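Novice: I need the structure of the sequence given here:
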Amino acid sequence: MSRPASYQEATARERLQQLFDPDSFEEFLPPSERVVSPHLGQLNAPVAFDDGVAVGRAKLGGVTVYAAAQEGGFMGGAVGEVHGAKLVGLLRRAARDQATAVVLLVESGGVRLHEANAGLIAVSEVMRALLDARAAGIPVIVLVGGSNGAFGGMGIVSRCANVVVMSEEGRLAMSGPEVIETASGVEEFDSRDRALVWRTSGGKHRYLMGDCQRIVADDIAAFRAAARDAVAALTGKQVELTLEALEAEQRMLDERIARFGVLQDPVDIWSAMQIADAANIPMLDVDSFIAAAAKHRMGA
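Specialist: All right, here's what the predicted structure looks like:
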């Protein structure tokens, strides 16, 4: 029996080839176009001919969707001017073409600091384009399972989507552990404590907190199945971000603070959620974890 293909270990282009129908990915603005960052060369920094992101359309179970995959191996998937413009262009084209859905394979530490304001503006434009796509009736599904996680601006972008699918190995947060430690001190968050990092920002905790809607094994086939299910479930449904949805989100965040605001470790939160043997949650496989989390997770 062959070993499942690890989503975490695959490159962006390997994910595109294996997650979507074979040979169905049609790339917009491929590396042969040589559109690179106008900023990195001035800093004698390396460039990539796709600027760390591939965008295009593909078939998912025979259904045409628009897709993007960030390459965590190039500057941690960080977003610069060109990188962001490619994502914006994809989302706008999806809205114009009335695509069935957009699937974003997110792996990014956030803004590319080398590009400063250009990177910040790029991320804000991606957020706007994603919400515009949803307003045009296009569902957006985000997959998070790469080694670099989804942090900073791309963490926010991910939470603007209709559905977030994560693996346990994926991470999702606004600020990375090193950023928190630098800003608030090691007493607030020890970035060297890898178990703490994954307990706090990893897929299991995000699933329990209601920040992701599906959790799957680190397996490209599992991500593919979850993406197909999400597209099918959202087709023909209301996908625009409404005031009612924002108010419901705010109520959930208020509830989090009220219930867990004074707790210091995710294990304490899991115990407060009355999950049996909460300390053992990191050791559970995905199926066992989902069973343990049933009726306890936020928004369930």
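Novice: below-threshold pLDDT in the protein: ranges please.
Specialist: Counting by pLDDT under 70, the chain shows low-confidence ranges at 1-3, 300.
Novice: just want the most central residue of it.
Specialist: Val144 (4.0 Å; CA atoms, centre = their mean).
Novice: all helices of the stretch 151-300 of the chain, in order?
Specialist: Along the stretch 151-300 of the chain, the stretches classed as helices by DSSP state H, counting those that start in this stretch are 152-159, 177-184, 194-201, 203-209, 220-234, 243-260, 266-272, 286-293.
Novice: which one is the residue nearest to the centre of the chain nearest to, not counting chain neighbours?
Specialist: Once flanking residues are discounted, Val144 sits nearest to Gly170: 4.0 Å by CB to CB, 6 or more residues apart in numbering. Using the backbone N, CA and C atoms, a C-beta is placed for each residue, glycine as well.
Novice: quick check: that neighbour vs Val157, distance?
Specialist: Gly170 sits 15 Å away from Val157, going by CB to CB, to the nearest Å.
Novice: same deal with Leu113?
Specialist: Leu113 is 17 Å from Val157, by CB to CB.
Novice: contacts made by stretch 232-242 with the rest, please.
Specialist: The contact list for stretch 232-242 (CB atoms under 8 Å, 6 or more residues apart in numbering) reads 100-101, 131, 134-135, 137-141, 160, 162-163.
Novice: any idea how far the nearest residue in space to Phe189 that is not next to it in sequence is from Ser191?
Specialist: Take Phe189 and drop its neighbours on the chain: the residue closest to it by CB to CB, 6+ apart is Ile180, 4.3 Å away. Counting by CB to CB, the gap from Ile180 to Ser191 is 7 Å.
Novice: more neighbours: which of the two?
Specialist: For Ile180 versus Ser191, neighbours defined as other CB atoms under 10 Å are more numerous around Ile180 (20 against 15).
Novice: tell me the contacts of the more buried one?
Specialist: 188-189, 191.
Novice: can you give me the distance of it to Gly153?
Specialist: The value you get for Ile180 to Gly153, if CB to CB is used, is 16 Å.
Novice: can you check Val286 too?
Specialist: Per CB to CB, Val286 is found 28 Å from Gly153.
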